[in-house]
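Novice: Okay, predicted coordinates and the sequence, questions at the end:
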Amino acid sequence: MSSRAKKRKPKLKKVTFRDKNWYKILAPRIFKNKEIGEVIGTENNIIGRIVETLMYDFTGEYKDISLKLNFKIVEVNEEAKKCNTLFQGHSYTNDYIRSLVNRGSTKIQTILNLTTKDKYTFRVTMIATTIRRARSSQQILIRKIVTEILREFAKSLNHEKFIAGMVYGEFQNQILRVAKTIYPLSNSVIIKSKLVTIPEGGVDKEIPDDQFEIVEVEVKRSRKSEIKRSERINVKKLSQSKSKTTEESKEEESKEPITE
């Protein structure tokens with residue numbers, strides 16, 4: 001037998017079910033500290049867990065049922081049995097993303113790392129889809145508009161208000177307003193975001209208001225990027241023509257004789 005004494009590892013105390021407690025999970029101040037669920041565990045092993053919920057739980061609107069929000073538990077109140085969270089990111093479901101791109105349209109995707117005024121860094125993925133196929137020069141200009149508008153918002157806003165702009169659709173609306181001068185868009189959606197870095201001592205300090213300043217972007221057009229008169233699309237006429245064709249097809253189906 002070997003003369004070396006075997007090193008014995010210290011026995012760790014097993015955590016039983018009786019040692020665990022239920023804690024209520026609270027959303028950040030941006031979402032009015034709403035209770036989003038419960039979690040079981042001890043104070044040490046709860047911190048760092050990721051909790052997923054739907055935007056529908058906050059708004060009650062059916063259009064938000066495909067938007068998923070991720071929160072990270074960062075603080076536990078042992079006395080009140082509650083834990084505070086930090087917004088970790090959001091994403092849309094795959095079926096919703098597929099529904100954004102129609103046949104004959106162009107998908108313009110942009111991925112950016114954006115640092116807010118209070119030094120929070122988010123990785124943002126945005127998709128803009130045109131009504132019909134756009135030229136490469138027009139795609140470059142639309143991608144430039146997306147980049148400049150998002151960077152301008154990040155530079156001037158704290159992370160609380162930046163999150164509100166992403167989730168509630170304010171940034172997308174302003175991008176649609178500017179990009180339609182280059183080529184009409186059918187959709188403009190931030191499909192995914194992720195919190196990359198947090199400054200030291202970073203906390204939710206304030207609840208943002210609903211007002212956003214209008215961002216103006218100077219776009220230098222080239223001859224190739226301009227829409228020719230013969231290629232210009234009237235969005236209203238296009239939507240009306242589509243609705244007419246669907247109605248006519250329904251009428252034709254109803255008129256067809258039933259054959260046994």
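Specialist: That came in fine, so what should we check first?

Novice: Quickly note the distance from residue 157 to residue 19.
Specialist: Residue 157 sits 43 Å away from residue 19, taking Cβ to Cβ, to the nearest Å as the criterion. To be clear about C-beta, it is placed using only N, CA and C from the backbone, and glycine gets the same treatment.

Novice: Looking at the two, which one has more neighbours?
Specialist: Neighbour comparison, residue 157 and residue 19: the larger count goes to residue 157, with 20 against 10 (by other Cβ atoms under 10 Å).

Novice: Residue 103 - how many residues pack around it?
Specialist: 4.

Novice: Quick check: pLDDT value at it.
Specialist: pLDDT recorded at residue 103 is 86.

Novice: In three-state terms, label it for me.
Specialist: On the three-state scheme (DSSP: H, G, I helix; E, B strand; the rest coil), residue 103 is labelled coil.

Novice: just residue 71 next, same as before
Specialist: Taking three-state DSSP, the label given to residue 71 is strand.

Novice: just residue 164 next, same as before
Specialist: helix.

Novice: what's the neighbour count on it?
Specialist: Number of residues near residue 164 (other Cβ under 10 Å) recorded here: 21.

Novice: so it touches residue 170, yeah?
Specialist: Yes. Using Cβ atoms under 8 Å as the test, residue 164 is close enough to residue 170 to be in contact (7.4 Å).

Novice: What are the structural domain limits within this structure?
Specialist: 21-91, 94-197 (automatic domain parsing).

Novice: Identify, out of those domains, the most deeply packed stretch.
Specialist: domain 94-197 (a mean of 18; mean count of other Cβ atoms under 10 Å).

Novice: And that one, how far out from the chain middle?
Specialist: Distance of domain 94-197 from its chain centroid, counting by Cα atoms, centre = their mean, to the nearest Å, is 10 Å.

Novice: Not counting its neighbours along the chain, what's nearest residue 155?
Specialist: residue 117 (6.7 Å; Cβ to Cβ, 6 or more residues apart in numbering).

Novice: What of residue 139?
Specialist: residue 108 (5.3 Å).

Novice: wait, the one you found sits on residue 125?
Specialist: No. Applying Cβ under 8 Å as the test, residue 108 and residue 125 come out as separate, 11.8 Å apart.
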